[in-house]
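> No sequence on hand, only this structure:
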């Protein structure tokens, strides 16, 4: 079965500093990987996805993630944090079964941005 | 216009009661889902319907019964509510069964509190 782990349930960065949110996956077949963001009292929104094309994936709001097969990682980065980036971030893997798949979410990382 | 809408936003009820949560999407998607998010923000899939057909049914107590009258609606009925059912329930939809081609679009959630 596929699974996702996110190192660090809570990350704090200063405004303008680099954001690095870690994600490692476990999968017996080439995975599809996603990052979703959840703002307070809202549903999740897709930030970016990896579907076996380019290993460096760019998403919305200046975020990007790099797929590294050798490390089974898909870490999320942003060069300069903004106050509006404070949210819960979820890494997810697509679990393929027969003709459909289901998305398995990691436990989430709460990002705080300090002014 | 709201893409995926859930009602009610908040639901407070007593143990043993029966309640329903409604979900509607106006994106023309074929697949809809129910996810449960617990107090630690962990997100777990419960059910998925594709064009009114049940395709994912996770290990969920049979007190939970989804119903899809048409592909734009997926309701969740819960019988004999228990304290452990307290959570935020998210409805989501995607255009295709295979989510790597179509991201999940989430509603804003229904916060269920069982007292």
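Cool, the structure landed. What you are looking at is a predicted structure, and each value in this text was computed from that prediction instead of being measured.
> for chain A, what's the longest strand?
As assigned by DSSP state E, the longest strand anywhere in chain A is strand A:87-97.
> Strand partners (parallel or antiparallel) of that strand?
Paired neighbours of strand A:87-97 in the sheet (DSSP bridges): strand A:32-38 (antiparallel), strand A:100-105 (antiparallel), strand A:109-114 (antiparallel).
> Need the winner for burial among the ones you listed.
Most buried of those by mean neighbour count (mean count of other CB atoms under 10 Å in any protein chain shown) is strand A:32-38; its value is a mean of 24. C-beta: built from backbone N, CA, C; applies to glycine.
> Report the helix or strand with the lowest average pLDDT across the chain.
In the absence of a named chain, this looks at chain A. Using mean pLDDT, DSSP states H and E, strand A:100-105 stands out as the lowest-scoring helix or strand of chain A, at a mean of 78.
> That was the other one, I meant chain B.
Result, chain B / mean pLDDT, DSSP H and E: strand B:53-57, a mean of 84.
> Quick one: low-confidence residue ranges for chain A.
A:95-101 (pLDDT under 70).
> near chain B, which residues of it show up?
A:32, A:34, A:36, A:38, A:41-46, A:49, A:51, A:88, A:90, A:94, A:96, A:99-105, A:107-108, A:110 (CB under 8 Å from any CB of the partner chain).
> And for stretch A:36-49, what's in contact with it?
Outside stretch A:36-49, the residues that touch it by CB atoms under 8 Å, 6 or more residues apart in numbering or on different chains are A:32-35, A:57-61, A:63-65, A:76, A:87-90, A:92, A:105, A:108, B:4, B:41, B:43, B:90, B:92, B:100, B:103-104, B:106-109.
> How much space separates the nearest residue to residue A:83 once chain neighbours are set aside from chain B?
Spatial nearest neighbour of residue A:83, excluding adjacent residues (CB to CB, 6 or more residues apart in numbering or on different chains): residue A:113 at 5.2 Å. Separation of residue A:113 from chain B (CB to the nearest CB, to the nearest Å): 18 Å.
> Tally up the residues packed near residue 82, please.
I'll assume chain A. 13 (other CB atoms under 10 Å in any protein chain shown).
> other chain: chain B
12.
> any low-confidence regions in chain B?
B:1-2, B:97-101.
> For chain A, what's its nearest residue on it.
Across chain B, the shortest distance to chain A (CB to the nearest CB) belongs to residue B:106, at 2.9 Å.
> quick one: contacts for that residue?
Residue B:106 touches A:43, A:44, A:45, B:4, B:35, B:90, B:91, B:92, counting by CB under 8 Å, 6+ apart.
> please redo it, this time with the cut-off set to 7 Å
Residues near residue B:106 by CB atoms under 7 Å, 6 or more residues apart in numbering or on different chains: A:43, A:44, B:4, B:90, B:92.
> try residue B:76
B:20, B:21, B:34, B:64, B:66, B:89.
> Filter these down to the ones in strands?
Those of these lying in strands (DSSP E): B:20, B:21, B:34, B:64, B:66, B:89.
> out of those residues, who has the most neighbours?
That'd be residue B:34 among the ones in strands among the contacts of residue B:76, by other CB under 10 Å, with 25 neighbours.
> so the closest residue to it other than its chain neighbours, which of the three states?
Of all residues not flanking residue B:34 in the chain, residue B:46 sits nearest, at 4.4 Å (CB to CB, 6+ apart). Under DSSP: H, G, I helix; E, B strand; the rest coil, residue B:46 falls in the strand class.
> Check whether residue A:84 sits in a helix, strand or coil.
helix.
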